[in-house]
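Enquirer: I'll drop the sequence and a predicted model, then ask my questions.
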Amino acid sequence: MSSPEPNGATLRSLGLSVYVPTFLFAVGQGAVIPIVALAARDEGASVALAGFIVALRGIGVLAFDIPAGWLVARFGEQRAMIAGTGLVIVALAGSAFAPGIWPFAVFTFLMGCGWSVWLLARLSYVTDVMPVHLRGRALSTLGGINRAGNFFGPFLGAAAAVVAGLEGAYVVHLVSAVLAAGLLLVLMRGESALPAPEHEHVQFTKVVRENAGVFMTAGVGVTAIGALRASRQGVLPLWGDHLGLDSSTISLVFGISMAMEMLLFYPAGSVMDRWGRKAVALPCLSIMAAGMFLIPLSSGFASLVVVGLLIGFGNGLGSGIVMTLGADFSPEIGRAQFLGAWRVCGDLGTAGGPLVVAAATGLASLAAASVTMGVIGAIGAGLMLVLMPETLNRERPPAPSPGPDPGEA
């Protein structure tokens, strides 16, 4: 577990190099995600095939987590982010103008691969340059900015789709990705970017073998977090439909839940940096699990809003927790490779959660699926409580010279 010394980086110093590009990229993601299935249907896909193509995006992210770690270790974070953005740009252009359903499917998969490189590179970069006493706030802010972009993106994508058809949403992401890549290129050539860290090359299998205990304990916990986060995106709307709510009302419930999440990202980071990572990880899992247990008990709009707020509160408390734990556990030598494997843990949950919901619903009922996810969350919380060590280094660095620290602002 690494504990880097302070190197002058502050939250504000990440503004142009990380946070602005992240927001631009997240807006584009938010614009595209809701229309992938519709675009596939527009290309002539059946409902089942459209669902598979939507899954290909997540499969691409998962499949490229480990290669992304190699790219970051070999070429550095900023170059890897630009390479990932370049792949996303190609995939978006191909998706918008694909000549048929199978090329569209391939480009959707490649889009996920590019996203994987981007996500891992920015996590590795922040881990390297931020002092440990600001790491929780830095990464929770990163998570909050990503949530905000994903929240506003669909509105921009919908407006573009009205003007230019479904291709308009892809154009929104294309423009946002080009702007993000352009900003990174300018910073790499200028003096405003933080110094690019050096990486030592080490075998991926060696890194995984040496950190197997972390992956089997904390890694399983973050898999549970990923599963709950992904499954509530399906269970909450489906239960609203089960209750007879119309689509606009269900969207309102989901929007209220997401708004709760966005309000909590900085408080979550402050708690992590002051009282430890477990002080966030355990309530995150426990509260989301409780929300999953309560979904089948909701009987109308008001009660579903309350449950949605509870789940949003739990998820908001966990803003940045997966990234922060990965940063804390990552070794200084082989960090990029470790973070690639760490992202596999979270992405397995993201991909597997909806599959568990689908299987449990098919075998029993939607209520049973929701309770199953609650059990998974409770198991993950118990595992983290008993077996995961607290990773916060409570030894703060020497006090800075008089004057406010902009990173604490």
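Expert: Happy to help now that I have it. Only a predicted model underlies this, so the values are computations on that prediction, with no experimental measurement involved.

Enquirer: give me the residue ranges of the stretch 151-300 of the chain where confidence is low.
Expert: 188-201 (pLDDT under 70).

Enquirer: could you pull out the helices for it?
Expert: Under the criterion DSSP state H, counting those that start in this stretch, the stretch 151-300 of the chain carries helices at the ranges 167-189, 204-210, 212-242, 247-263, 265-275, 278-294.

Enquirer: pick the most deeply packed of those.
Expert: helix 278-294 (a mean of 23; mean count of other Cβ atoms under 10 Å). Every residue, glycine included, has its C-beta placed from N, CA and C.

Enquirer: quick check: buried residues in the helix or strand just after that one?
Expert: Counting by DSSP states H and E, the next helix or strand C-terminal to helix 278-294 is helix 301-317. If you call a residue buried by 16 or more other Cβ atoms under 10 Å, then helix 301-317 has these buried ones: 301, 304-305, 307-317.

Enquirer: show me which of these is closest to residue 208.
Expert: Taking Cβ to Cβ as the measure, residue 208 sits nearest to residue 315 out of the buried residues of helix 301-317, at 28.3 Å.

Enquirer: and the buried residues of helix 301-317, which two are the farthest apart?
Expert: Greatest spacing in the buried residues of helix 301-317, by Cβ to Cβ: 301 and 317 (24.6 Å).

Enquirer: measure residue 91 to residue 32 for me?
Expert: 10 Å (Cβ to Cβ, to the nearest Å).

Enquirer: picking that back up, which of the helices of the stretch 151-300 of the chain sits closest to residue 48?
Expert: Nearest to residue 48, of all the helices of the stretch 151-300 of the chain, is helix 212-242, at 16.0 Å by Cβ to Cβ.

Enquirer: same for that closest one, what does it pack against?
Expert: helix 247-263, helix 278-294, helix 301-317, helix 321-329, helix 335-363, helix 366-387 (3 or more Cβ pairs under 8 Å, 6 or more residues apart in numbering; DSSP states H and E).

Enquirer: please enumerate the strands of the stretch 1-150 of the chain.
Expert: For the stretch 1-150 of the chain, no strands are identified by DSSP state E, counting those that start in this stretch.

Enquirer: so where do the helices sit in it?
Expert: Going by DSSP H, counting those that start in this stretch, the stretch 1-150 of the chain shows helices at 20-32, 36-42, 47-63, 65-75, 77-96, 101-129, 132-164.

Enquirer: for the first one, list the C-alpha coordinates in CSV.
Expert: C-alpha atoms of helix 20-32 as CSV (Å, rounded to 0.1, in the frame of the first residue of the first chain):
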residue,chain,number,x,y,z
VAL,A,20,-12.5,19.9,-16.8
PRO,A,21,-11.6,17.1,-19.2
THR,A,22,-13.5,14.6,-17.0
PHE,A,23,-16.6,16.8,-17.1
LEU,A,24,-16.4,17.2,-20.9
PHE,A,25,-16.0,13.5,-21.3
ALA,A,26,-18.8,12.6,-18.9
VAL,A,27,-21.2,14.9,-20.6
GLY,A,28,-20.6,13.0,-23.8
GLN,A,29,-21.0,9.7,-22.1
GLY,A,30,-24.3,10.8,-20.6
ALA,A,31,-25.5,11.9,-24.1
VAL,A,32,-24.7,8.6,-25.7
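
Enquirer: and the angle for that helix with helix 77-96?
Expert: Between helix 20-32 and helix 77-96, the angle comes out at 20 degrees (axes from the mean of the first three to the mean of the last three Cα atoms, to 10 degrees).

Enquirer: I'd like the helices of the stretch 1-150 of the chain written out as a markdown table, with distance to residue 285 and mean neighbour count added.
Expert: Converted to a markdown table, the helices of the stretch 1-150 of the chain look like this (distance: least, Cβ to Cβ, whole Å; neighbours: other Cβ atoms under 10 Å):
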| stretch | distance to residue 285 | mean neighbour count |
| --- | --- | --- |
| helix 20-32 | 24 | 25 |
| helix 36-42 | 29 | 19 |
| helix 47-63 | 21 | 18 |
| helix 65-75 | 22 | 21 |
| helix 77-96 | 29 | 22 |
| helix 101-129 | 20 | 24 |
| helix 132-164 | 16 | 21 |
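
Enquirer: make a markdown table out of those and add distance to residue 249.
Expert: Putting the helices of the stretch 1-150 of the chain into a markdown table (distance: least, Cβ to Cβ, whole Å) gives the following:
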| stretch | distance to residue 249 |
| --- | --- |
| helix 20-32 | 21 |
| helix 36-42 | 21 |
| helix 47-63 | 23 |
| helix 65-75 | 37 |
| helix 77-96 | 31 |
| helix 101-129 | 30 |
| helix 132-164 | 17 |
